[in-house]
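Peer 1: task: produce atomic coordinates for the following.
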Amino acid sequence: MIVQRRVMQGALWAVRHHGWPISRLFSTRKTLPILTLYTKEVCPLCDEAKEVLEPYRHRFNLEEVDITKPDNKQWFKQYRYEIPVFHFNGEFLMKHRVDIPALEEALKEWEDAA
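Peer 2: Take a look at the predicted model:
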C-alpha cells in the first residue's frame, strides 16, 4: 500500500512538473524505443552526448555499438569520422552532437503511435 501511494505521488509530481499525461505514465507498453549510439572506446564527444541525454533516459533504451570491434566493420567504414552517431529504432537520427528538438520529435512520434 505504501509503495502504491509513493508511485502515485511520483506520478502526480511528474504530471504537475512535466505536463505528462497520466496515460503515458501508466502505459501498458512494455518496451521503449531504442536509441543506438555508434561510438568507440575513447570518444569525448560521445561522453558529452550521453550526459546531454541523461534527462531523457526514462523514455528510451540506449544501446552502444563500438565501431572498432571486428563485427562492426560496416559501421566503422560508414561512421569512423562522424561519431557520435545516433539511430532511433534503426533509422538515422543525428550525429556529432545531440539534437534535442530532433530527439524530442522522434520520441513524441513514437509515444503518440501507442
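
Peer 1: next one: Glu109, what pLDDT does it get?
Peer 2: pLDDT recorded at Glu109 is 96.

Peer 1: tell me, how many residues neighbour it?
Peer 2: 11 (other C-beta atoms under 10 Å). Quick note: C-beta positions are derived from backbone N, CA and C, even for glycine.

Peer 1: can you show me the strands along this structure?
Peer 2: 34-39, 61-66, 85-88, 91-95 (DSSP state E).

Peer 1: hmm, who's touching the shortest one?
Peer 2: Under the criterion C-beta atoms under 8 Å, 6 or more residues apart in numbering, residues 33-38, 49, 60, 79, 92-95, 98, 103, 106, 110 lie in contact with strand 85-88.

Peer 1: 10 Å - rerun?
Peer 2: Strand 85-88 is touched from outside by 33-39, 46, 49, 53, 60, 62-63, 65, 67, 75, 78-79, 92-99, 102-103, 105-107, 109-110, with contacts defined as C-beta atoms under 10 Å, 6 or more residues apart in numbering.

Peer 1: among these, name the buried ones.
Peer 2: Among the contacts of strand 85-88, the ones that count as buried by 16 or more other C-beta atoms under 10 Å are 33, 35-39, 46, 49, 53, 60, 65, 67, 75, 79, 93-95, 98, 103, 106-107, 110.

Peer 1: tell me the pLDDT of the residue sitting nearest the centre point of the chain.
Peer 2: By C-alpha atoms, centre = their mean, the mean C-alpha position of the chain lies nearest to Phe60, the distance being 4.1 Å. On the pLDDT scale, Phe60 is placed at 97.

Peer 1: again with Ala114
Peer 2: pLDDT at Ala114 comes out at 73.
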